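Asker: sequence-free structure coming up:
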């Protein structure tokens, strides 16, 4: 929140408190009501603690002059104790709680982010470190602790992922993982969990859905943005290819898109991850035959060689987690 925006909200808050006090006056018996409010203010635990802490600075006249501010303070929730969520914040400035400060010859109220607001801001900051290209971001909310451990291979994959997260500091080269196995076994979920683990270490990652990437690159030829997009993927701190091998193979996609990205990342030693329904031998066979029926084994082998340099193959098996979730 900008200083100007916060100040406007503070002014609005004071106006509302002032309106409340004015209504008491309009109803008559103001002095009696005023004394009751004053006693309520001065018996508030937080107000008493603040006055005690600053007893050498605060005078009785300062307190009397600041009753409006003190009433504003006690009328707001502190520590989110009265708010079930950020969306349900009861404070005049949603997501901000009041704190008392000494200002000039009185006591003033400043607004600072509440615990729920700080937690939400941190969540958004972490999410901002994960850039999802050509795939829905909501599919990547996994955490390492949420990954199923129901087969030895899955346990191995999780351990490998955790080892990477521990070892990688954003500068040293670490091999990524080539996660392969049947459809629906949680490969993309684990990829998202790794991305979230990296974000917690302030390391940015890029996740791309390969079939959509290829379609996007074809369209980029017309608008002349292909080079820019290739450079982005070549230089991403950590790059994750989701579902490589699901795309229809063309020599252009293999040699002008995947090949240059992987070659650059191999030379620059940048961590790269993959998910696929194919093991490496099956992926090599898939890449060797183009849509036109051409057999180009050498070019396919070059792609596999680069993948093997960048990532360690790890199988993920087990039951179809998507089917399981849909029946729960």
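Answerer: Perfect, I can see it now. Predicted, not measured: the structure shown is a model, and the values here were computed from it. Numbering: from 1, shown residues only.

Asker: SS state for the closest residue to residue 131 other than its chain neighbours?
Answerer: Closest residue to residue 131 apart from its sequence neighbours, by C-beta to C-beta, 6 or more residues apart in numbering: residue 206 at 4.9 Å. Just so you know, the C-beta spots here come from the backbone N, C-alpha and C atoms, and that holds for glycine as well. Classification of residue 206 into helix, strand or coil gives strand, according to DSSP: H, G, I helix; E, B strand; the rest coil.

Asker: and for residue 239?
Answerer: Residue 239 ends up strand, using three-state DSSP.

Asker: just give the number of residues close to it.
Answerer: By other C-beta atoms under 10 Å, the residues close to residue 239 number 24.

Asker: then residue 204?
Answerer: The number of residues near residue 204, taken as other C-beta under 10 Å, comes to 15.

Asker: where does it land on pLDDT?
Answerer: For residue 204, the model assigns a pLDDT of 90.

Asker: tell me the spacing between it and residue 259.
Answerer: 24 Å (C-beta to C-beta, to the nearest Å).

Asker: what segments of the stretch 151-300 of the chain are helices?
Answerer: 152-167, 187-200, 210-223, 226-234, 251-252, 259-268, 280-288, 297-310 (DSSP state H, counting those that start in this stretch).

Asker: could I get the ones you listed as JSON lines with mean pLDDT, distance to residue 79 and mean neighbour count?
Answerer: Converted to JSON lines, the helices of the stretch 151-300 of the chain look like this (pLDDT from 0 to 100; distance: least, C-beta to C-beta, whole Å; neighbours: other C-beta atoms under 10 Å):
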{"stretch": "helix 152-167", "mean pLDDT": "94", "distance to residue 79": "33", "mean neighbour count": "16"}
{"stretch": "helix 187-200", "mean pLDDT": "91", "distance to residue 79": "25", "mean neighbour count": "23"}
{"stretch": "helix 210-223", "mean pLDDT": "86", "distance to residue 79": "45", "mean neighbour count": "16"}
{"stretch": "helix 226-234", "mean pLDDT": "90", "distance to residue 79": "43", "mean neighbour count": "15"}
{"stretch": "helix 251-252", "mean pLDDT": "90", "distance to residue 79": "59", "mean neighbour count": "14"}
{"stretch": "helix 259-268", "mean pLDDT": "97", "distance to residue 79": "47", "mean neighbour count": "17"}
{"stretch": "helix 280-288", "mean pLDDT": "95", "distance to residue 79": "54", "mean neighbour count": "18"}
{"stretch": "helix 297-310", "mean pLDDT": "96", "distance to residue 79": "47", "mean neighbour count": "17"}
